[in-house]
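# Sequence and predicted structure are below.
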Amino acid sequence: MPSANQDGRQSLEINYNLSNISLDQHTASEHVIVDAELQRWQISYSHPLNKAWTLIVDVPYQSISGGSLDSFIEDFHRTFNLPDGNRKGWPRNRLYVDYAENNRTIYHLDSTQAGIGDIAAQVGWHFDTSRSHTTSLWLGLKLPTGDADHLMGSGSVDISATLAAGQTLNDDLHLYEQASMSLLGNGSRLSEQQKHLVWSGALGVSWALTTKLDVVTQLQMHSAAFDSQLKILGTSTQFAIGPRYRLQNWLMALSITEDVVPDSAPDVQFQFDLSHRF
């Protein structure tokens, strides 16, 4: 979530996201199988243009492969009594992505891919920056720098508008909200089913355990980006939780994300964030 940079300093953030997905879905006319592991590294640079405006540039590098987490995720789901989807009986650590329409294959991928993803930039206006609450408006632009044929990007130029807000209730409790509207260009994959307007949002709570350690929970959701009855191409809601550790100029966060509605998103995602202000 974009945040106000009220101290007038630049920041550099490194984010690592590891997700694993295993599903087999079909409707009367569509059939999709996805068995894959995705890794995404992203470097984000934040630069305050003045007291009211901030520029953020995101440069991702990502890969898709068979991975190595299938056994771990099955044990994790079993331990916490979570749905295991279509994993039983499937080969471990396999990469297989196949989408068919009316029994005709539209897209297929079974070899490991890696490369630069879609580079994005945001400019934010912090029009409310009091001690107890903050509000900012962000405009974003995403460029099709990733190879869409190998699932490294969407193949389209997208623009977005985001309203982000936060409230400090007391020394220990902080709330934040975000609502976004994205206008999608003509993508390279499933272009006939693609929608051009997508809504997303997030609600989060940060609870301070100590002066340096927080626990952050977040509920995030988005509307469907494709006109399809398949769950993976429809609306999605996910829940994330994890610790966040703060030092004077450093911030480190860990989180785990689960799909609230099974098979509407990757089964599980692990995230690591490290940022430095200078």
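Cool, got the structure. Numbering: from 1, shown residues only.
# make it CA atoms for all contacts and neighbour counts henceforth
Noted.
# Walking through this protein, point out its helices one by one.
70-79 (DSSP state H).
# pull the helix or strand with minimum mean pLDDT from this structure.
One helix or strand of the chain scores below all others by mean pLDDT, DSSP states H and E: helix 70-79, with a mean of 72.
# pLDDT below threshold where in this protein?
Where the chain drops to pLDDT under 70, the residues are 1-7, 77, 82-88.
# and stretch 28-42, which residues are buried?
In terms of neighbour count (16 or more other Cα atoms under 10 Å), stretch 28-42 has its buried residues at 30-42.
# Stretch 95-105 now?
95, 96, 97, 98, 99, 100.
# my guess is the third one meets residue 34, correct?
Yes: between residue 97 and residue 34 there is a contact under Cα atoms under 8 Å: 4.5 Å.
# shared neighbours of these two, anything?
The contact sets of residue 97 and residue 34 do not overlap (Cα atoms under 8 Å, 6 or more residues apart in numbering).
# which residues of the stretch 1-150 of the chain fall in strands?
11-26, 30-48, 53-65, 96-101, 104-109, 113-116, 120-129, 133-142 (DSSP state E, counting those that start in this stretch).
# I'd like these as a markdown table, with distance to residue 198 appended.
Listed next are those as a markdown table, based on distance: least, Cα to Cα, whole Å:
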| stretch | distance to residue 198 |
| --- | --- |
| strand 11-26 | 22 |
| strand 30-48 | 22 |
| strand 53-65 | 20 |
| strand 96-101 | 22 |
| strand 104-109 | 23 |
| strand 113-116 | 24 |
| strand 120-129 | 17 |
| strand 133-142 | 14 |
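# Any idea which of the ones you listed gets closest to residue 247?
strand 11-26 (13.8 Å; Cα to Cα).
# Only the buried residues of the closest one, if you could.
In strand 11-26, counting by 16+ other Cα under 10 Å, buried: 11-25.
# of these, closest to residue 168?
Using Cα to Cα, the buried residues of strand 11-26 come closest to residue 168 at residue 11, 22.4 Å.
# residues in contact with the closest one?
Residue 11 touches 45, 46, 47, 275, 276, 277, 278, counting by Cα under 8 Å, 6+ apart.
# I'd like the buried residues of stretch 28-42 as TSV, with distance to residue 109 appended.
Shown next, in TSV, are the buried residues of stretch 28-42 (distance: Cα to Cα, whole Å):
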residue	distance to residue 109
30	17
31	15
32	12
33	10
34	9
35	10
36	10
37	13
38	13
39	16
40	18
41	21
42	23
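# rewinding a little: which one of the buried residues of stretch 95-105 is nearest to residue 182?
residue 99 (24.6 Å).
# What residues are bridge-paired with the closest one?
Beta-bridge pairing of residue 99 under DSSP bridges involves residue 32, residue 107.
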